[in-house]
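# prediction below, plus the sequence it came from.
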Amino acid sequence: MEPTKRVYIQNFGCQMNDYDVDRMIEVLRKDGFEAATSVEDADLIVLNSCAIREKSEHKVQSAAGRLRELKARRPGVTLAIGGCVAQQEGDRLLRRVPTADFTFGPDQIPALPALLAKMRDGRRFAATGVIDVEDYQFLDADPQPGDVKVTALVTIQKGCDNHCAYCVVPQTRGREVSRPAGEVVAEVARFVALGAREVTLVGQNVNSYHAIGTPDGDDFAELLRLVGAVPGLLRLRYITSHPKDFTHKVAEAFRQLPSVMPFLHLPVQAGSSRTLKRMVRGYTREEYLEKLDYARAQCPDLSLSTDIIVGYPGETDAEFAETLSLLERVEYDNIYSFTYSERPDTPALKLLQRDDVPADVKDARLLQVQTVQRQITQRRLERFVGRVGEVLVEGESRHASHQLCGRLPGNEMVNFDRPPGLDLVGQLAPVRITAAGTYTLTGAYAGAARTRLPVVSA
Ligand code: 5AD
Ligand code: SF4
């Protein structure tokens, strides 16, 4: 028998990459690998890259650079670079990172054992084909009992057919394909059977999910209903939504389906309709706000987050001021904000939208956005203080071993002292919120766990 090989994976990027890492581990496990605890005891190191901004792209190259010494010391170690930069750059990445043995795109994950075998030829190579949409087969998750956490990700879609002018994703992840609903439901049920209590459905644009053929075309609303009915699933979330395709029916699910949690990540990108038009987003500020208001009317305690890009080509002071006023108007719970980063082969370049906002102006705008938002986030978190909320307990807090952590329905993280003699992990626990920090809440356990779930065996 061959000795066990060990793999270490370092991940960058979004929820799709998180999901992909778990699939890599499963594929490699079947090929005789087990997880290494550090790069030092790994036979195979995988860096899973992100191409969304120039900075993200640099991260993978710096990480590879840091491994140069290790590769010199242990030439038998394989270094593979996966993810979106590998997909987009292929051979060019291989030239820039001399320590890499091969690169592979997100669609090549099932082929990893074959790629490792191919390496035995001793030649470096880039494996980057995006699989033809017609042939696309989703790789089913195959979780093992020890792997499953309280929360799980389940992919419902690959790729993206939008053409947001700034975005590289349609090139790195290819055309949009929706995963058959039966596969999604079965995968959710597999995770739940192994102990998951919350599932997040992931895709680049979940609202354009189309694999059911409902008469009104709102397949995503129907998928929420189907998944929401999986026995034992307590909480259902989804990311990422596109405002253009976010329907009233999906908003109504917040009210109608008990497992759909009151949390919505609806990336707006900019507050000015003129900027949005140049971004080719397909909605105006007013249309966006109408959808948000409708969702809030369905679910008054909805927690909201968004993505913001500042310094998009041509963004004037007046346009930027509309982004700030939008933040005040909406009062998001949380935002993710970025300065515009020009990406190769994106529509913005073809539309001759030059990266013309000076870097110092971009940085100043980013700071302004973050300063305004910090106060709003704080205010939003403070609304919970004094209330008892239902926390799905995920495990030990990262800050202190005597504390547990989990999330409120709106996705707010709560840390609270572990009540002696109670194992609350995987359960809904009532917690009285006692204080609001900058991004998280502190609370105190407030009674017997409300939902004692039967242990479901695999
Ligand atoms: N520059 C800056 N931010 C970007 N994003 C996507 N592409 C770019 C880019 N070229 C941001 C968007 C998106 C999030 C995932 O990353 O806000 O919603
Ligand atoms: Fe995710 Fe996009 Fe980054 Fe790829 S480029 S890892 S899809 S955010």
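In hand now; what should we look at? Ligands and ions are numbered 1, 2, ... in the order given.
# please make it C-alpha for all contacts and neighbour counts, starting now.
OK.
# can you list the residues of this structure near ligand 1?
52-53, 166-167, 267, 269, 307-309, 338-343 (CA under 6 Å from any ligand atom).
# if we go to 8 Å?
Counting by CA under 8 Å from any ligand atom, the chain comes close to ligand 1 at 14, 52-54, 166-169, 267-269, 306-310, 336-343.
# strands of the stretch 51-200 of the chain, start to end?
Remark: strands assigned in the stretch 51-200 of the chain by DSSP state E, counting those that start in this stretch are 78-82, 102-104, 125-127, 151-155, 157-158, 177-178, 198-202.
# quickly compare those and say which is most buried.
Mean neighbour count (mean count of other CA atoms under 10 Å) peaks for strand 102-104 among those, with a mean of 27.
# tell me the strands beside it, with direction?
strand 78-82 (parallel), strand 125-127 (parallel) (DSSP bridges).
# which one of those has the lowest average pLDDT?
Ranked by mean pLDDT, those end with strand 125-127 at the bottom, a mean of 91.
# by mean pLDDT, point me to the weakest helix or strand of the protein.
Least confident element among the helices and strands of the chain, by mean pLDDT, DSSP states H and E: helix 169-173 (a mean of 87).
# would you map out the domains in this protein?
Domains of the chain are assigned by automatic domain parsing as 5-126, 151-382, 388-457.
# so how far is G13 from the closest residue to ligand 2 within the stretch 251-400 of the chain?
As assessed by CA to the nearest ligand atom, ligand 2 sits closest to R343 within the stretch 251-400 of the chain, at 10.4 Å. Separation of R343 from G13 (CA to CA, to the nearest Å): 15 Å.
# now do R255
Distance from R255 to G13, by CA to CA: 32 Å.
# just G386 next, same as before
G386 is 36 Å from G13, by CA to CA.
# which one's more surrounded, those two?
Neighbour totals were compared for G386 and G13, and G13 leads with 17 against 13 (other CA atoms under 10 Å).
# residues contacting the more buried one?
S49, C50, A51, I52, S56 (CA atoms under 8 Å, 6 or more residues apart in numbering).
# give me the nearest residue to R432, chain neighbours excluded.
Nearest in space to R432, with sequence neighbours left out and distances taken as CA to CA, 6 or more residues apart in numbering, is V388 at 4.1 Å.
# do V227 as well
Spatial nearest neighbour of V227, excluding adjacent residues (CA to CA, 6+ apart): V185 at 5.6 Å.
# now swap in L226 and tell me
Closest residue to L226 apart from its sequence neighbours, by CA to CA, 6+ apart: V185 at 7.1 Å.
# find the nearest non-adjacent residue to the closest residue to ligand 1 within the stretch 351-458 of the chain, please.
In the stretch 351-458 of the chain, no residue comes nearer to ligand 1 than D355, which is 10.3 Å away by CA to the nearest ligand atom. Leaving aside its chain neighbours, D355 sits nearest to P313 (5.1 Å; criterion: CA to CA, 6+ apart).
# for the one you found, which residues are in contact?
Here P313 is in contact with Q353, R354, D355, D356, V357 (CA under 8 Å, 6+ apart).
# of these, grab the buried ones for PyMOL.
Burial among those is assessed by 16 or more other CA atoms under 10 Å; the matching PyMOL selection reads:
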select buried, resi 353+355+357
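# and the contacts of P313, which is closest to A435?
When those are ranked by distance to A435 (CA to CA), V357 comes first, at 40.1 Å.
# from R285, how far out is that closest one?
22 Å.
# same deal with D307?
Distance from D307 to R285, by CA to CA: 14 Å.
# what distance separates the start and the end of stretch 391-400?
18 Å.
# so which of the contacts of G13 sit within helices?
Among the contacts of G13, the members found in helices (DSSP state H) are S56.
# coming back round to it: include distance to D41 when you put the strands paired with strand 102-104 into TSV, please.
Below are the strands paired with strand 102-104 laid out as TSV (distance: least, CA to CA, whole Å):
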stretch	distance to D41
strand 78-82	12
strand 125-127	24
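# with distance to ligand 2 added, can I get those in a markdown table?
What follows is the strands paired with strand 102-104, written out as a markdown table (distance: least, CA to the nearest ligand atom, whole Å):
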| stretch | distance to ligand 2 |
| --- | --- |
| strand 78-82 | 10 |
| strand 125-127 | 16 |
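# neighbours of G228, just the number please.
Neighbour tally, G228, other CA under 10 Å: 23.
# in this protein, where is pLDDT below threshold?
1-2, 131-132, 448-458 (pLDDT under 70).
# which positions in it make contact with ligand 2?
12-17, 48-53, 56, 83-85, 159, 168-169, 172-173, 204.
# list of residues touching stretch 161-181?
With CA under 8 Å, 6+ apart as the test, stretch 161-181 has contacts from 51-52, 84-85, 87-88, 105-106, 130, 133, 136, 138, 155-160, 209-212, 223, 278-281, 340-349.
# same check on stretch 374-389?
328, 331-334, 408, 430-441, 446.
# now, those residues that are in helices?
Of the positions in the contacts of stretch 374-389, E328 sit in helices, assigned by DSSP H.
# just the buried ones from the contacts of stretch 374-389?
Buried among these by 16+ other CA under 10 Å: 331-334, 408, 430-436, 441.
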